[in-house]
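**Q** need a 3D model of the sequence below.
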Amino acid sequence: MSTDRPARQPALFVPHGAPTFALRPGAAGAALAGKAAQLERPRAIVVVSAHWDTGVPTVGTAGTLETIHDFLSFPRALYDLRYPATGCREAAAEVAAAIADAGLPVRTDAEHGLDHGAWVPLRLMFPDADVPVIPLSIQSRTGPEGAWQLGRALAPLTARGFLVIASGNLTHNLRDYQVAVHGGATPSYVRAFADWMAGRLVANDVAALLDYRRQAPDGARAHPTEDHLLPLFVAFGAGGDGATAERFHAGIDDYVLAMDAWAFSPAEPAVQP
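**A** Next up is the predicted model:
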C-alpha cells in the first residue's frame, strides 16, 4: 500500500450556466477542463451546488449518485446525458466530521444524487467519473457568512486530498435574462459586479465580500436571491486563511450569466526550523 500523502488541493468556484452549458461548453467549459487537467488527482471531490439547498449542512453518502435532470423544456439531448459518479461513505464521513468539528450542525442523506449544478461542471472537468464525489448542500437561510463558515469548516480537508468544487454563477438574474434576450444586450452591471467581486477576492477583503449586497454595484440586482452566489463563499472559505485567489476564466453567457471561475489555493504551511 502506498504511504504517499495525498496532494493538497485548492478550492474552486465554477459556473454551471444554463443547463445547455452541458451541450455547448464553449470557452468556460474549456477553462474548467484545463484547470482540472492541471490538478493532482484528488482523493475525493466535495461538490457544492446552488441547486441543493437545505436547512442545515447535509452530506450525501450514497454509493451510486443518480444524475438528476432538474429542469424542464430543454433539448432532448440534455435528458440523455448521464454522469456515472460514485460516492465514498468513508470520505463522506470525514466531510461530516469536519463540519461537526467546526461547531456546525450537520446531517447526512443516503439518497441524494447530483443535480445539474453538480454534474454539468463535473462532467466537463472529470469526464471519466473516476474520482469519488461527495455532494454537500448550501443553506440560503444563513446567507454569505454561513456559506463562508461552511467553507472554513472544509478547509482542513484540502490538505487530505479533498478537492472542493462549488458551483453557481457570479451573476444570476433570470428576469433580466428575459429582457436581455429580446433586446440583445448585456446589462452593464453584469461585468461591473463580477469585477468588483474580483477586486475584493484578490484583496481577501472578507468584510466587504460578506456585505456585497450593500457595497457592490447592483449587488441585489446581480442576485435577487443568493443561492447561486453562496457557493462562491463556500469555496472562498475552503481556501483557508491567506489563500491565493486566481480568476482563471472571465466571460458572460446568455447575456446575464457571468461565467467567472475562481481557484483559491491554500497558503503554504510555514517551514519549521
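**Q** read off the pLDDT value for the residue found closest to residue 111 once you drop the neighbours it is linked to in the chain.
**A** Residue nearest to residue 111 in three dimensions, not counting chain neighbours: residue 62, with 6.0 Å by C-beta to C-beta, 6 or more residues apart in numbering. (Glycine included, C-beta is placed from N, CA and C.) pLDDT recorded at residue 62 is 98.
**Q** and residue 62, what helix or strand is that in?
**A** Using DSSP states H and E, residue 62 maps to neither a helix nor a strand.
**Q** for the stretch 1-150 of the chain, give me the ranges with low pLDDT.
**A** Applying pLDDT under 70 to the stretch 1-150 of the chain picks out residues 1-4.
**Q** residue 110 and residue 171, how far apart?
**A** Using C-beta to C-beta, to the nearest Å, residue 110 is found at 35 Å from residue 171.
**Q** rewinding a little: was I right to think the residue nearest to residue 111 contacts residue 113?
**A** Yes: under the criterion of C-beta atoms under 8 Å, residue 62 makes contact with residue 113 at 6.8 Å.
**Q** for this protein, what's the longest helix?
**A** Ranked by number of residues, the top helix in the chain under DSSP state H is helix 143-158.
**Q** what lies in contact with it?
**A** 8-11, 46, 57, 94-95, 98-99, 101-102, 104, 136, 138-139, 142, 162, 164, 166, 206, 209-210, 212, 226, 229-241, 266 (C-beta atoms under 8 Å, 6 or more residues apart in numbering).
**Q** now residue 5. Nearest residue, chain neighbours left out?
**A** Closest residue in space to residue 5, ignoring its immediate chain neighbours: residue 161 at 7.9 Å, by C-beta to C-beta, 6+ apart.
**Q** and the one you found, how many neighbours?
**A** Here the count is done by other C-beta atoms under 10 Å, and residue 161 has 17 residues near it.
**Q** swap in residue 106?
**A** 19.
**Q** quick one: it from residue 139, how far?
**A** Using C-beta to C-beta, we find residue 106 at a distance of 11 Å from residue 139.
**Q** shared neighbours, the two?
**A** Counting by C-beta under 8 Å, 6+ apart, the contacts common to residue 106 and residue 139 are 56, 57.
**Q** next one: stretch 238-247 to chain centre, how far?
**A** Relative to its parent chain, stretch 238-247 has a centroid offset of 14 Å by C-alpha atoms, centre = their mean, to the nearest Å.
**Q** now stretch 188-196
**A** Put simply, stretch 188-196 sits 19 Å off its chain's centre (C-alpha atoms, centre = their mean).
**Q** can you give the contact residues for that stretch?
**A** Residues outside stretch 188-196 that contact it (C-beta under 8 Å, 6+ apart): 170-171, 212, 216-219, 221-222, 250, 252, 255-256, 258, 260.
**Q** please redo it, this time with the cut-off set to 10 Å
**A** Contacts to stretch 188-196, defined as C-beta atoms under 10 Å, 6 or more residues apart in numbering, come from residues 169-171, 173, 176, 180, 187, 208-209, 212, 215-219, 221-223, 229, 247, 250-252, 255-260.
**Q** now the strands for the stretch 51-200 of the chain?
**A** Ranges of strands within the stretch 51-200 of the chain are 58-60, 107-109, 133-138, 162-168, based on DSSP state E, counting those that start in this stretch.
**Q** show me what the third one is packed against.
**A** If you count contacts as 3 or more C-beta pairs under 10 Å, 6 or more residues apart in numbering; DSSP states H and E, strand 133-138 packs onto strand 44-53, strand 58-60, helix 89-101, strand 107-109, helix 116-125, helix 143-158, strand 162-168, helix 230-238.
**Q** buried residues, the third one. List them.
**A** By 16 or more other C-beta atoms under 10 Å, the buried positions in helix 89-101 come out as 91, 92, 94, 95, 96, 98, 99.
**Q** quick one on the thing from earlier: can you turn the buried part of the contacts of stretch 188-196 into a PyMOL selection?
**A** The buried subset of the contacts of stretch 188-196, as determined by 16+ other C-beta under 10 Å, is captured in PyMOL by this line:
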select buried, resi 169+170+171+173+176+180+187+208+209+212+216+217+218+219+221+222+223+229+247+250+251+252+255+256+257+258+259+260
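**Q** out of the contacts of stretch 188-196, which are inside strands?
**A** Using DSSP state E, the subset of those located in strands is 247, 252, 257, 258.
**Q** the third one and residue 169 touch, don't they?
**A** Going back to what we said before, that points to residue 257. Yes: using C-beta atoms under 10 Å, residue 257 is in contact with residue 169, at 5.1 Å.
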